[in-house]
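Q: kindly return the folded structure for what I paste below:
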Amino acid sequence: MRTLSRLASGGAAAMAAGALLFTAAPAHATSASNTWGIPGNHKMQVNAWHCGAYVSACDWKASTKLFKGKAHEKGQWVQNRAVLAAHGISVSIKISKNPEATLKMTSKSQGEVRWKNTKAWISDTYGQMKPSKLTVYVSTKSCGSAQITSKIKFTEKCVTAGAA
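A: Residues are numbered from 1 along each chain as shown. As a prediction, this is how the structure comes out:
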């Protein structure tokens, strides 16, 4: 009887620990980043990030950052364009975003969030994706561009988190 009681309490403890692991531990994120050199010792960094696992919603972030050497550098404008998508058969997605950004749904399963920040070193966009239940996976494509000076422009370059 004691053995059965110990097994039952041990099993309950293992289940509780497993439940705690799946509910309290943060999921690993999916991300991508790249940095490009620009004349004049400038660098542009483009980043994409979203949750690695979700039940009904997935946080996302995308950014474009301008540097000169290792220091932040303000440009005339810095823009980030994030393309958020749900992948699968007959899927859809709802997207939230930061207030200063614009959202354009390009299809029922894909939307584009854009923000052009003036006299700044960064343009970051963020929000939440709510994909439909049949979604196999989500992706975040982050594209950055900038006008650094009147003579130096960084044309759009992209990175993708999640399968492309």
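
Q: give me the most central residue, the protein.
A: What sits nearest the mean C-alpha location of the chain, by CA atoms, centre = their mean, is Trp49, with 2.8 Å.

Q: got any ranges where the chain has weak pLDDT?
A: For the chain, the stretches flagged by pLDDT under 70 are 1-27, 164.

Q: in it, which spans are helices?
A: Using DSSP state H, the helices of the chain run over 2-24.

Q: for it, longest strand please?
A: Looking across the chain with DSSP state E, the single longest strand is strand 75-87.

Q: got the buried residues for it?
A: Gly75, Trp77, Val78, Gln79, Asn80, Arg81, Ala82, Val83, Leu84, Ala85, Ala86, His87 (16 or more other CB atoms under 10 Å). Heads up, the C-betas are built off the backbone N, CA and C, glycines and all.

Q: could I get these as TSV with distance to Lys133?
A: Listed next are the buried residues of strand 75-87 as TSV, based on distance: CB to CB, whole Å:
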residue	distance to Lys133
Gly75	42
Trp77	39
Val78	37
Gln79	34
Asn80	29
Arg81	28
Ala82	23
Val83	22
Leu84	17
Ala85	16
Ala86	10
His87	13
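
Q: for those, which one is nearest Ser150?
A: Relative to Ser150, the closest of the buried residues of strand 75-87 is Gly75; by CB to CB it sits at 10.8 Å.
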